[in-house]
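J.: Would you be able to build a 3D model of this:
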Amino acid sequence: MDKKLSHINKQGNAEMVDVSEKEITNRTAIASGRILFPTEVFKQLQKDDFLSKKGSITQTAIIAGIQAVKKTSDLIPLCHPLRLSKINIDIQPGENSLDIECLVKCNERTGVEMEALTGVSAAALCIYDMTKALSHDLEISEIKLKKKTGGKSDFGV
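T.: Sure thing, here's the model as predicted:
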């Protein structure tokens, strides 16, 4: 395998990748994840139309995910700050779960996969926070990159 870690220099130290010579292209990433609930808890949430005393669980999680996408470079030390052009977070009920998908777009020299993964993670954490009063037996799982385009290596296309 000829691949090497891009954020580690020849001395073995962490460094931000130099993207100054890269071409600006349309970049897109889609990530997904899920938060699983005990059956009784999920049924209660559905019955309450995913509303809590704190407000709409899904709408609050969408806002949290969008805010997190915009703060990714503050949270992940070697990520570049990016001018984002689109963030969309979708949360749908599944089987005893809320399924989360985050789409991020920009016109930049580097991709937005970390931003999409961060958006899903923050949305899931927000849902956990808003529902933990019902049970701590909640599971955040399956956070993954589904697709990325616009760089030298597309994924999931």
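
J.: Sketch out the low-pLDDT regions of this protein for me.
T.: 1 (pLDDT under 70).

J.: okay, the host helix or strand of Thr60 in CSV with CA atoms only?
T.: Assigned by DSSP states H and E, Thr60 belongs to helix 57-70. Extracted in CSV, the C-alpha atoms of helix 57-70 (Å, rounded to 0.1, in the frame of the first residue of the first chain):
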residue,chain,number,x,y,z
ILE,A,57,-36.4,17.3,18.9
THR,A,58,-35.7,17.0,15.2
GLN,A,59,-35.7,20.7,14.4
THR,A,60,-33.4,21.5,17.3
ALA,A,61,-31.1,18.7,16.2
ILE,A,62,-31.1,20.1,12.6
ILE,A,63,-30.0,23.5,13.9
ALA,A,64,-27.3,21.9,16.1
GLY,A,65,-26.0,20.0,13.2
ILE,A,66,-25.9,23.1,11.0
GLN,A,67,-24.0,25.0,13.6
ALA,A,68,-21.6,22.2,14.1
VAL,A,69,-20.9,22.0,10.3
LYS,A,70,-20.0,25.7,10.3
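
J.: So which bits of it are buried?
T.: Buried residues in helix 57-70, counting neighbours by 16 or more other C-beta atoms under 10 Å, are found at 57-58, 60-66, 68-70. All C-beta atoms are positioned from the backbone trio N, CA, C, and that covers glycine.

J.: repeat for stretch 105-120
T.: Buried-residue list, stretch 105-120, by 16+ other C-beta under 10 Å: 105-106, 108-120.

J.: Just confirm Thr118 contacts Ala68, I think it does.
T.: Yes: if you go by C-beta atoms under 8 Å, Thr118 and Ala68 touch, sitting 5.0 Å apart.

J.: Common neighbours of these two, please.
T.: Common contact partners of Thr118 and Ala68 (C-beta atoms under 8 Å, 6 or more residues apart in numbering): Leu75.
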